[in-house]
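Trainee: okay, sequence plus prediction incoming.
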Amino acid sequence: MQYTLAEPALARVQAKLSKLAKIADKLGLSAPTLTEVGQEYRTIDGQDYRYVVIEVAGTAPCLAGWSFVAILEHREDGNLLKCVPDSDPLPTSYRTNEPLCDHCKLNRQRKDTYLVRHMETGEYRQVGRQCLRDFLGHENPETIAQYAEMLADLAETCTDTEGMIGVHGTPQYRIAEVLAWTASATEKDGYVSRKTAEEQGTRATVDTIRYLMIPPPRAYRSSTYERDLTKYQPDTRQIDFATAALTWCHDLPIEQTVGSDYLWNIRLLAQQDHVISRNFGLACSIIQAYRRQQEQEAERRQAQFISTHVGTVGKRQVFTGLTVISLREIVSQFGVKIFYNFADPTGNRLICWHSGQDRLDQGQTYTLKASVKEHGEFRGVKQTTLARIARI
């Protein structure tokens, strides 16, 4: 499978592959390989960055004809699915299977079970950790299981999926509050992925949420921490947006998650009132997933209209009924710059960059005063570029 990584992230992937190779050698397995197959350059705030296109090849560990395909983390309302790279979507029954071991036939209070698949028949078996030795007939099945878990972690690192990244902990946090803090943080700082954090030496959004919601003991709290609490405190509008995102995720139809373990996982989290720190990354991603869903829905509604140019180039004038179809936040050392995509009541498309404090919300309609910068076209659709927008 191919991935495109920033150079700092490449070193992280190579370190994981090195560990996997050592374990594979001890087990007599074929280690996964990494090959650089290309490169590309991306310009961010005027600076070019080199991205490396890599191809990771390898197979899940296989013993006695059985291949590890996933680790099931059992929860009260369903299972989180941690799949090894290149595995097929799992049968949906494993999303809710009890922690039953198909080998010993005992249904115990297991936190995790391992899912293996027969290489010839395609049959799945769910096996508890203590039964791996007897089922697979290998003297060191625990190391095999560890190797499979590291493969799953490697796939998450390459795809910048944060759902399973983080320390394991027992404290519980209200998922509605996690989403509200995320809505506030992403408005102020933009959404900062781990890749962006590595590139710019900043803090990923998920780490900001952990920092805010898992405070140090009061005796050790600095004035900076107290200022950050005030800065990122969600307001009513952000809380309402987080509530809408949580409701959307909670109500996702089961059939819509078929073929997407990610949608299944976030839907599962949304069914619960609380989440542990280990799954903050997955919970935080619900905000961005909801924003993408809103954007796609708005684009579908606008598809029936034909856009034309509006306004006079070089003239400052008032535009009424502009709805924010989508927005993109670009994070840099200088702050957050937002790219807005508008549509007016007749379907004409307008765009602009804005770095001011007066933020506009996706899906909302505004009356704006702005200068017409140019008339252009994007992918065959006429659009008007605005500058120096101000809300009226």
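Mentor: That came through fine. Keep in mind it's a predicted model, so treat the numbers as computed, not measured. Residues are numbered from 1 along each chain as shown.
Trainee: need the helices for this protein, in chain order.
Mentor: Chain-ordered helices for the chain, with DSSP state H as the definition, fall at 7-27, 132-136, 141-159, 175-189, 194-200, 205-213, 223-232, 236-250, 261-270, 280-302.
Trainee: to residue 341, which of these lies closest?
Mentor: Among these, helix 280-302 comes nearest to residue 341, with 8.3 Å by CB to CB. (Each C-beta comes from the backbone N, C-alpha and C, glycine too.)
Trainee: spit out the contact partners of residue 4.
Mentor: 40, 51-54 (CB atoms under 8 Å, 6 or more residues apart in numbering).
Trainee: drop anything exposed from those residues.
Mentor: Buried members of those, counted by 16 or more other CB atoms under 10 Å: 51-52, 54.
Trainee: return the distance of the lengthiest strand in the chain from the chain's centre.
Mentor: When the chain is parsed with DSSP state E, its longest strand is strand 316-332. Using CA atoms, centre = their mean, to the nearest Å, the mean C-alpha position of strand 316-332 is found 24 Å from that of the whole chain.
Trainee: where does the stretch 51-200 of the chain have low pLDDT?
Mentor: 58-63, 85-86, 137-146, 148-149, 152-153, 155-171 (pLDDT under 70).
Trainee: let me have the contacts of residue 4 in a markdown table, extended by distance to residue 187.
Mentor: Below are the contacts of residue 4 laid out as a markdown table (distance: CB to CB, whole Å):
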| residue | distance to residue 187 |
| --- | --- |
| 40 | 30 |
| 51 | 27 |
| 52 | 32 |
| 53 | 33 |
| 54 | 33 |
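Trainee: can you map out the strands along the stretch 1-150 of the chain?
Mentor: Secondary structure of the stretch 1-150 of the chain (DSSP state E, counting those that start in this stretch): strands at 2-6, 33-44, 47-57, 62-63, 66-75, 78-83, 112-118, 124-127.
Trainee: which one of those strands lies nearest to residue 172?
Mentor: With CB to CB as the measure, strand 66-75 is the member of these nearest residue 172 (12.2 Å).
Trainee: what's that closest one packed up against?
Mentor: Here strand 66-75 touches strand 78-83, strand 112-118, strand 124-127, helix 141-159, going by 3 or more CB pairs under 8 Å, 6 or more residues apart in numbering; DSSP states H and E.
Trainee: 6 Å instead?
Mentor: In this structure, strand 66-75 makes packing contacts with strand 78-83, strand 112-118, judged by 3 or more CB pairs under 6 Å, 6 or more residues apart in numbering; DSSP states H and E.
Trainee: residues in contact with the first one?
Mentor: It refers to strand 78-83. With contact meaning CB atoms under 6 Å, 6 or more residues apart in numbering, strand 78-83 is reached by 70-73, 90, 95-96, 152, 261, 265, 268.
Trainee: next, the angle helix 261-270 makes with that strand.
Mentor: Inter-element angle recorded for strand 78-83 and helix 261-270: 150 degrees (by axes from the mean of the first three to the mean of the last three CA atoms, to 10 degrees).
Trainee: residue 74 - how many residues pack around it?
Mentor: By other CB atoms under 10 Å, the residues close to residue 74 number 17.
Trainee: just give the nearest non-adjacent residue to it, would you?
Mentor: Take residue 74 and drop its neighbours on the chain: the residue closest to it by CB to CB, 6 or more residues apart in numbering is residue 99, 4.6 Å away.
Trainee: list the buried residues of stretch 205-219.
Mentor: For stretch 205-219, the neighbour count (16+ other CB under 10 Å) marks 205-213 as buried.
Trainee: got the CA positions of stretch 177-184 in CSV?
Mentor: Extracted C-alpha coordinates of stretch 177-184, given in CSV (Å, rounded to 0.1, in the frame of the first residue of the first chain):
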residue,chain,number,x,y,z
GLU,A,177,-17.1,18.1,26.5
VAL,A,178,-14.3,16.5,24.4
LEU,A,179,-16.1,17.6,21.3
ALA,A,180,-16.9,21.1,22.6
TRP,A,181,-13.2,21.7,23.5
THR,A,182,-12.3,20.4,20.1
ALA,A,183,-14.7,22.8,18.3
SER,A,184,-13.2,25.7,20.2
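Trainee: so what touches that stretch?
Mentor: Residues outside stretch 177-184 that contact it (CB under 6 Å, 6+ apart): 209, 212, 232, 234, 238-239, 241-242, 245-246, 283-284, 287.
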